[in-house]
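K.L.:
Got a sequence here, can you build the structure:
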Amino acid sequence: MATDPDIDVGADDTLTFGCNDTRIRVVKDPEDPLRAYLLFTPTNDDVGDVWAEVMVKDRSGAIWDDTFPIRIRVEDSPDAPFIVSVNGILVNESGVVYLTGEKGATEDEEFTVTVVGDDIDLGDELTFTIDSPLFEKEETPFPNKVNFTFTPDQSLVGTLTVRIKVTDRTRLESSVTVVIEVRNVNDPPEEPTLTILTPGPYYYVGDRIDFRGEAGEDPDGDDITLMWDFGDGGKATGERVNHTYTMPGRYDVKLTADDGHGGVVTVMKTIIIDARPVTGPVDEDHDGVPDDWELEHGMSPSDPKDVLKDTDGDGLTNGEEYQHGTDPLLPDTDGDGFSDGEEVEKGTDPLDKSSHPTREEGGGGLLYIIILVAVAAGAAGVTIFVLYRRHAPPPPGSAPPVGYPPETPGGYPPESPGGYPPEGPGTAPVGTGELPPESAEFMTGSPPSGQGDIGTPPTGAEGGVAEAPMIEGEGIWRPPSQEEERIFSPEGVEEEGEVVEEVSDEEAEGAEEIEEGDEEEGSVEIPAPPPPPP
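P.N.:
Predicted structure coming up:
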């Protein structure tokens, strides 16, 4: 408030007010020319006393006519804090900061938001908070600076908006909105499931083995391709596949899930492939002969010693019969007239009738020809075996055989008018008589007329049994007559009687018994033929 005598008396005069402090603005009262107002907005720096001079002059004054000092007391008052920057970006009046592009976050990578705040109140303590639980707060050595960190996952890909607030000790606060772009990174799919469908645990070369694969979830929603590696160079794709291994070994089967964007995951299982075992027949007694074969041929599959037996007496053990493929119950498996043992010994095939040892005419050893002649005798059939024995040639100058009658024109025995045998008591021909039941299996007929080398049997009592004489001594031999050679030659045998090459097992065994008896120089009981009808 000023005074001016001129104005007081009504003179036309005007006052001008001023201040030496630019922070203070002077405003005249429009209604009172002697009044002016001082306008001042102090800051935190003005806290305390502010001194200034107020000046006034009238219209005619070239200088200030008067000055008046004033003091303004500025009291301190709390001020709200504020956020200056986020990740180096200054906060503008909008209060929004965008962290995008290169300044944004990347999926599965840790990301940090750095916030710098301030408060005009000296010494105020600032507190920073964020409204997202995804972030962890990290303090720094500076009281007005703080870090918020987080690692975004697939679910956060896109835009994430958070609000950061700063508060001072008087609970005054301010905030800023931060928009964070989270860039996507391709994620591998979950592990697939590998299943071996073919029952195990043993797998062999050549087996078809079936596999099944199941893809897991892909975080990015990508399509999954299943790829197989069987460890031996074999490959396949798909959920259901199969593979056949050609070599034994240990193989790692791998199943890989690929999302087509670089995301792959592999699982593995190990499989062992064995060589296929060689299976054979069951051999309970471990004698080298299968049980089925033993049972088929009347042997015991639990007795290992029965392979050492010679059941059919052909010179081969049962085990050897199995090895050669011959029948252990049949002396001559191929029916060629030679025993299986003889053929094996001579190197011929006992299973091939056309393969047999060669008989040498007049050679050493004993040669037996078994001829089966079917003769009808009365109401019963009689089977007659004719045995022909050829001895080794006698040494020069040897005596004729003992017991042989001289050759006679009439043959042997002499024919009589009454037929053969001669009638009358006590005159039964040689060899007549009854054959005991236990010896009736074989019968031997008389040799043909002429000179024979069977020998003349001694005369026996009527109804008795005559024994066939054997040639005495070593090397005693007589050349056969022409008639004998004709009859016992292959052609003669066919002419003289009916030759039956195939004989029954019982007949073969009987013939063999006769052979053995002949070789031992024993005697053979010859039954007498029945008398002719009157």
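
K.L.:
any weak-confidence spans in this protein?
P.N.:
1-13, 60-65, 359-534 (pLDDT under 70).

K.L.:
care to break it down by domain?
P.N.:
Dividing the chain into domains by the TED database, as the record does, gives the ranges 16-74, 82-183, 193-274, 291-346.

K.L.:
ok, residues contacting stretch 114-130?
P.N.:
Under the criterion CB atoms under 8 Å, 6 or more residues apart in numbering, residues 43-44, 76, 78-88, 113, 137, 143-148, 162-170, 176 lie in contact with stretch 114-130. Where C-beta positions appear, they are placed from N, C-alpha and C, glycine not excepted.

K.L.:
Could I have the PyMOL command that selects the buried members from those residues?
P.N.:
A single PyMOL command selects the buried members of the contacts of stretch 114-130 (16 or more other CB atoms under 10 Å):
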select buried, resi 79+80+81+82+83+85+86+87+113+144+145+146+147+148+162+164+165+166+167+168+176
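
K.L.:
Now do the helices in the stretch 151-300 of the chain.
P.N.:
Ranges of helices within the stretch 151-300 of the chain are 291-296, based on DSSP state H, counting those that start in this stretch.

K.L.:
Next, the distance between the ends of stretch 100-120.
P.N.:
Terminal residues of stretch 100-120 lie 31 Å apart, using CA to CA, to the nearest Å.

K.L.:
So which bits of it are buried?
P.N.:
Neighbour counts using 16+ other CB under 10 Å place 104-108, 111, 113, 115-117, 119 of stretch 100-120 among the buried residues.

K.L.:
Likewise for stretch 31-38?
P.N.:
So for stretch 31-38, counting by 16+ other CB under 10 Å, buried means Ala36.

K.L.:
How about the contacts made by the residue nearest to Leu330 when sequence neighbours are not counted?
P.N.:
Leaving aside its sequence neighbours, Leu330 sits nearest to Asp312 (CB to CB, 6 or more residues apart in numbering; 5.9 Å). Asp312 is in contact with 321, 327-331, 340, counting by CB under 8 Å, 6+ apart.

K.L.:
what's the answer for Val241, then?
P.N.:
210-211, 213, 228.

K.L.:
again with Lys165
P.N.:
So Lys165 contacts 128-131, 173-175 (CB under 8 Å, 6+ apart).

K.L.:
With Tyr322 instead?
P.N.:
Residues in contact with Tyr322 (CB under 8 Å, 6+ apart) are 288-289, 293, 307, 328.

K.L.:
Mean neighbour count, the domains of the chain: which tops it?
P.N.:
domain 291-346 (a mean of 18; mean count of other CB atoms under 10 Å).

K.L.:
Ends of that domain, what's the gap?
P.N.:
30 Å.

K.L.:
What distance do you get for the residue lying closest to Pro189 once chain neighbours are set aside to Trp228?
P.N.:
Nearest residue to Pro189, sequence neighbours excluded (CB to CB, 6+ apart): Asp218, at 4.1 Å. To Trp228, Asp218 is 19 Å away according to CB to CB, to the nearest Å.

K.L.:
what do you get for Gln323?
P.N.:
On the measure of CB to CB, Gln323 and Trp228 end up 50 Å apart.

K.L.:
for Phe17, same thing?
P.N.:
From Phe17 over to Trp228 (counting by CB to CB), the distance is 98 Å.

K.L.:
ditto for Tyr245
P.N.:
From Tyr245 to Trp228 the distance is 13 Å (CB to CB).

K.L.:
circling back to that earlier point, so which strand or helix has the residue nearest to Leu330?
P.N.:
Counting by DSSP states H and E, no helix or strand carries Asp312.

K.L.:
How about the one 4 residues further on?
P.N.:
Counting by DSSP H and E, Leu316 is held by no secondary-structure element, helix or strand.

K.L.:
partners of the nearest residue to Leu38 once chain neighbours are set aside in the sheet?
P.N.:
Leaving aside its sequence neighbours, Leu38 sits nearest to Ile24 (CB to CB, 6+ apart; 5.2 Å). Beta-bridge pairing for Ile24 (DSSP bridges): Phe40.

K.L.:
which residues sit in contact with Ile24?
P.N.:
So Ile24 contacts 38-40, 50, 52, 72 (CB under 8 Å, 6+ apart).

K.L.:
Gly335 against Lys353, yeah?
P.N.:
Yes - counting by CB atoms under 8 Å, Gly335 touches Lys353, with 6.0 Å between them.

K.L.:
Kindly confirm whether my reading is correct that Asp66 touches Val56.
P.N.:
Yes - Asp66 lies in contact with Val56 (CB under 8 Å); the separation is 5.4 Å.

K.L.:
Contacts only, for the residue nearest to Pro189.
P.N.:
Applying CB under 8 Å, 6+ apart to Asp218 gives the contacts 187, 189-190, 224, 259, 263.

K.L.:
among these, which two are most distant?
P.N.:
Greatest spacing in these, by CB to CB: Asp187 and Ile224 (12.1 Å).

K.L.:
related to what we said a few turns ago, among the contacts of Ile24, which two are most distant?
P.N.:
Leu39 and Val50 (12.8 Å).

K.L.:
now Leu329, what's its secondary structure?
P.N.:
Following DSSP: H, G, I helix; E, B strand; the rest coil, Leu329 is assigned to coil.

K.L.:
didn't it look like it was pressed against Gly298?
P.N.:
Yes - at 6.9 Å, Leu329 counts as touching Gly298 under the criterion of CB under 8 Å.

K.L.:
joint contacts of the two?
P.N.:
Joint contacts of Leu329 and Gly298 (CB under 8 Å, 6+ apart) are Thr311.

K.L.:
counting contacts, what elements does the host helix or strand of Ile83 pack onto?
P.N.:
Secondary structure assigned from DSSP H and E places Ile83 in strand 82-86. For strand 82-86, the elements it packs on are strand 111-118, strand 158-167, strand 173-183, judged by 3 or more CB pairs under 8 Å, 6 or more residues apart in numbering; DSSP states H and E.

K.L.:
Walk me through which strands the second one pairs with, and which way each runs.
P.N.:
In the sheet containing strand 158-167, the strands it pairs with under DSSP bridges are strand 127-130 (antiparallel), strand 173-183 (antiparallel).

K.L.:
got CSV for those, with distance to Pro152 too?
P.N.:
Below are the strands paired with strand 158-167 laid out as CSV (distance: least, CB to CB, whole Å):
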stretch, distance to Pro152
strand 127-130, 14
strand 173-183, 4
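
K.L.:
between the ones you listed, which gets nearest to Val97?
P.N.:
strand 173-183 (5.1 Å).

K.L.:
any idea whether the spatially closest residue to Ser300 that is not a sequence neighbour is helix, strand or coil?
P.N.:
Counting by CB to CB, 6+ apart, Asp306 is the residue found nearest to Ser300 once chain neighbours are left out, at 5.7 Å. State at Asp306, reduced to three classes by three-state DSSP: helix.

K.L.:
How about the contacts made by Asp306?
P.N.:
By CB under 8 Å, 6+ apart, the contact set of Asp306 is 287, 294, 299-300, 318.

K.L.:
Tell me which two of those residues sit farthest apart.
P.N.:
Every pair of these checked by CB to CB; the farthest is Ser300 and Asn318, at 10.8 Å.

K.L.:
can you give me phi and psi for His324?
P.N.:
phi -90, psi -10 (degrees, to the nearest 10).
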